[in-house]
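> Okay, sequence plus prediction incoming.
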Amino acid sequence: MWPARSARQLRSKDPLVRWPWSPCRLHSWQPTSSKELCTAPRGRRLAQTGGAKDVLVRSFVLSVLARLEDPDYLSPEASTLASCLEDVAWKVRRGACQALGWCHSAAVAPHAAALARCVDDDDARVARSALGALRRCGDWALRPWAQLLAEHFDEEDEKMRTAALVAFAQIKGAEVLSPHATALAASAHGSEPGPVRRASCQALSRCHPQVLQPYLHLLAPYMEDQDLEVRIAVCQAFAKCDPSFIAPYVSPLARRLKDCLLVRWNACRALLECKPALLLPHLDLLTELLQDHNKQVRQLAQRLLARCFPEASPKT
C-alpha cells in the first residue's frame with residue numbers, strides 16, 4: 001500500500017505534494033548495504049534515474065548515490081554522474097561531486113575539468129564537494145588545475161582550505177609545486193595538527209631543493225609531530241637539501257633515527273653528507289642502526305659510520 005501511494009504522490013503535478021514524498025519513495029530504494037544495491041535490479045537503474053526530468057527526483061537520487069561510498073559500484077557510472085555537474089539544482093551538483101569523490105581515480109580523472117568548473121560554483125557546498133572529489137583525480141589530471149587549487153589556500157572556510165590542500169598534495173611534479181612553496185610553508189606553519197599541516201608538508205617535500213631550503217626552519221619543529229605522515233614528509237624534505245643547510249638540524253634529525261622505518265631512512269639520507277664532526281655526538285644511535293631489520297637502513301648506517309672513521313673503512 002505505502003509504495004503504491006508514494007508513487008502516486010511522486011507523480012503529482014503539485015511540487016508541494018511531490019516534495020515530502022520523494023525522500024520516502026527513494027528511501028525504499030536505498031538498500032541496507034551497497035553490496036545489496038549492486039545485485040538488486042532496482043539498484044542498477046538508480047544511476048540512470050539521476051537524469052530524470054523532476055529536479056526533486058534527481059536531487060534525492062544523487063543524495064542516495066553519494067551515500068553509497070562504494071568505488072566498485074560508482075566508478076562505472078562516473079560519466080553519468082559527471083553529466084549532472086551542470087544541473088540547475090545545487091543539490092544535484094553537490095551529490096554528483098560527492099559520488100564522484102568515491103570513484104576510482106581512473107574513472108574520475110577524465111572529468112577533472114568538469115569538477116574544476118564546479119570549484120567556482122556559486123554555492124559553497126558544491127565547491128567544497130568538488131574540491132573533495134578532485135583529490136581522486138591523481139597527479140597528471142590535477143596538474144593543469146594547480147593554480148586554481150592554490151587560489152583556495154587562504155580561504156576563510158576551513159573545509160574549503162583543507163580540501164584544496166589535500167587535492168594539491170596529490171600532485172607529484174616539482175615544477176608544478178615549487179611556485180607555490182611560500183603559500184604551502186605558510187599553510188604548514190600556521191595550521192593546527194591535522195590534514196592541512198599534513199598536506200602542506202607532503203607538497204613541500206616534493207618541491208625543488210633550491211626552493212625548499214629557505215623554509216627548513218619552519219619545517220624543523222614538525223620532526224616531532226604526532227602525525228607519522230608529517231614526520232616522513234619533513235625528513236624527506238631535509239634529505240633533498242644541500243648539507244650546508246642541514247648542519248643546524250643534525251640533532252633533531254638524529255633523534256628521528258629511532259622512529260619508524262620511513263622516518264629513520266629519510267633521516268639517514270639527510271645526515272649522509274654532513275660533516276663527520278656533527279655526526280660524532282650521535283655514534284650510539286648510528287651504531288644501533290647496524291642491527292636494523294631493514295637492509296637499506298643498515299647500509300646507510302655503515303656509510304655514516306665510515307664518514308666518522310674513514311681510517312677504519314675497507315679500502316677499495
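On my side now, so go ahead.
> The nearest residue to residue 220 once chain neighbours are set aside and residue 271, how far apart?
Distance criterion Cβ to Cβ, 6 or more residues apart in numbering; nearest residue to residue 220, sequence neighbours excluded, is residue 249 at 5.4 Å. C-beta coordinates here come from the backbone N, C-alpha and C atoms, glycine included. Using Cβ to Cβ, to the nearest Å, residue 249 is found at 10 Å from residue 271.
> Compare these two (neighbour count), which wins?
residue 271 (27 against 21; other Cβ atoms under 10 Å).
> can you tell me how far the more buried one sits from residue 73?
Going from residue 271 to residue 73 by Cβ to Cβ gives 48 Å.
> Which parts of the stretch 1-150 of the chain are helices?
Applying DSSP state H, counting those that start in this stretch to the stretch 1-150 of the chain gives helices spanning 2-10, 15-27, 34-39, 41-44, 55-66, 71-74, 78-82, 90-100, 105-108, 112-118, 124-134, 139-142, 146-150.
> Quick one: distance of the fifth one to the chain centre.
Relative to its parent chain, helix 55-66 has a centroid offset of 26 Å by Cα atoms, centre = their mean, to the nearest Å.
> Run the angle between that helix and helix 124-134 for me.
Helix 55-66 and helix 124-134 are oriented at 40 degrees to each other (axes from the mean of the first three to the mean of the last three Cα atoms, to 10 degrees).
> tell me the mean pLDDT over helix 55-66?
Mean pLDDT, computed over helix 55-66, is 80.
> What count of nearby residues applies to residue 240?
Neighbours of residue 240 using other Cβ under 10 Å come to 18.
> who's in contact with the residue lying closest to it once chain neighbours are set aside?
In space, and not counting its chain neighbours, residue 240 is closest to residue 209: 4.6 Å by Cβ to Cβ, 6+ apart. By Cβ atoms under 8 Å, 6 or more residues apart in numbering, residue 209 lies in contact with 240-242.
> Can you flag which of the residues you listed belong to helices?
residue 240 (DSSP state H).
> so can I have TSV of the contacts of residue 209 showing pLDDT?
Below are those laid out as TSV (pLDDT from 0 to 100):
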residue	pLDDT
240	93
241	93
242	91
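> out of the contacts of residue 209, who's nearest residue 224?
residue 241 (18.7 Å; Cβ to Cβ).
> doesn't residue 213 make contact with the closest one?
Yes - Residue 241 is in contact with residue 213 according to Cβ atoms under 8 Å; the separation is 5.2 Å.
> how close does the residue lying closest to residue 98 once chain neighbours are set aside sit to residue 121?
Nearest residue to residue 98, sequence neighbours excluded (Cβ to Cβ, 6+ apart): residue 66, at 3.7 Å. To residue 121, residue 66 is 16 Å away according to Cβ to Cβ.
> Residue 87 now?
11 Å.
> and for the two, which residues touch both?
residue 93.
> Over to residue 225: give its phi and psi.
phi -60, psi 150 (degrees, to the nearest 10).
> okay, now it: neighbour count?
Residues near residue 225, counting by other Cβ under 10 Å: 18.
> remind me which residues of this protein are low pLDDT?
Scanning the chain for pLDDT under 70 picks out the ranges 1-54, 311-316.
> between residue 66 and residue 121, which one's more packed in?
residue 66 (21 against 18).
> give me every residue that touches the more buried one.
When contacts are counted by Cβ under 8 Å, 6+ apart, residue 66 touches 94-95, 98-99, 102.
> so which two of the residues you listed are the farthest from each other?
The widest separation within these (Cβ to Cβ) is 13.6 Å, between 94 and 102.
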